[in-house]
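Trainee: here's a sequence, model it:
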Amino acid sequence: MPDNYFARYLPFLIHMLMAGGIAAAIITLSWLIGVRKPTRAKLSPYECGMTPIGDSRQRFSVKFYLVVMLFILFDVEAVFIYRWAIILRRLKAEGQGRFGLWEMLVYIAIFLVGFFYVWKKGVLDWGETAPKRGEL
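Mentor: Numbering: from 1, shown residues only. This next block holds a predicted model:
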């Protein structure tokens, strides 16, 4: 075993240099050898086979971003609940089953408070004719 601490990383450094060199060589050869015949179809923007309509820099609704953030938030919470379900059996074996259960009940209660808050604010209503507050 080498005495130098950084000598252990030499194989990794060689590997990264070789991988980077091969990738650069492939891209360069593709650029040098590749045939370029631009046509009108190749130069047009691809939009699922449909003709592009309007400006590509149009603004999205804030609701779109809110729903995306909520999806990520609730998705992460679902991952935590799944992980908890996996380790619950081990918690029971260690005598901490009730603690794990109460801990998850508090977690789910916080989750539901957030969900009902979002629901009450109308973030989940997608329709244009979504009722305003007090119209129900």
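
Trainee: how near is Phe64 to Asp75?
Mentor: 16 Å (Cβ to Cβ, to the nearest Å). For every residue, glycine as well, the C-beta is placed using N, CA and C.

Trainee: and for Gly95?
Mentor: Gly95 is 32 Å from Asp75, by Cβ to Cβ.

Trainee: now Leu124
Mentor: Distance, Leu124 to Asp75, by Cβ to Cβ: 15 Å.

Trainee: residue contacts, Ile108?
Mentor: Ile108 makes contacts with Ile81, as judged by Cβ atoms under 8 Å, 6 or more residues apart in numbering.

Trainee: mind checking which helix or strand it is in?
Mentor: Assessed by DSSP states H and E, Ile108 sits inside helix 97-121.

Trainee: how far off centre is that helix?
Mentor: Helix 97-121 has its C-alpha centroid displaced from the chain centroid by 23 Å (Cα atoms, centre = their mean, to the nearest Å).

Trainee: stretch 80-93 now?
Mentor: Centre-to-centre, stretch 80-93 and its host chain are 24 Å apart (Cα atoms, centre = their mean).

Trainee: flag every buried residue along it.
Mentor: Trp84, Leu91 (16 or more other Cβ atoms under 10 Å).

Trainee: can I get it in CSV, CA atoms only?
Mentor: Taking C-alpha atoms only, stretch 80-93 is exported to CSV below (Å, rounded to 0.1, in the frame of the first residue of the first chain):
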residue,chain,number,x,y,z
PHE,A,80,-40.9,9.0,3.9
ILE,A,81,-44.2,7.1,4.7
TYR,A,82,-43.0,4.2,2.6
ARG,A,83,-39.7,4.1,4.4
TRP,A,84,-41.4,4.2,7.7
ALA,A,85,-43.7,1.3,6.8
ILE,A,86,-40.6,-0.7,6.0
ILE,A,87,-38.8,-0.1,9.3
LEU,A,88,-42.0,-0.4,11.5
ARG,A,89,-41.5,-4.1,11.9
ARG,A,90,-37.9,-3.5,13.2
LEU,A,91,-39.2,-0.8,15.6
LYS,A,92,-41.7,-3.3,17.0
ALA,A,93,-39.0,-5.9,17.5
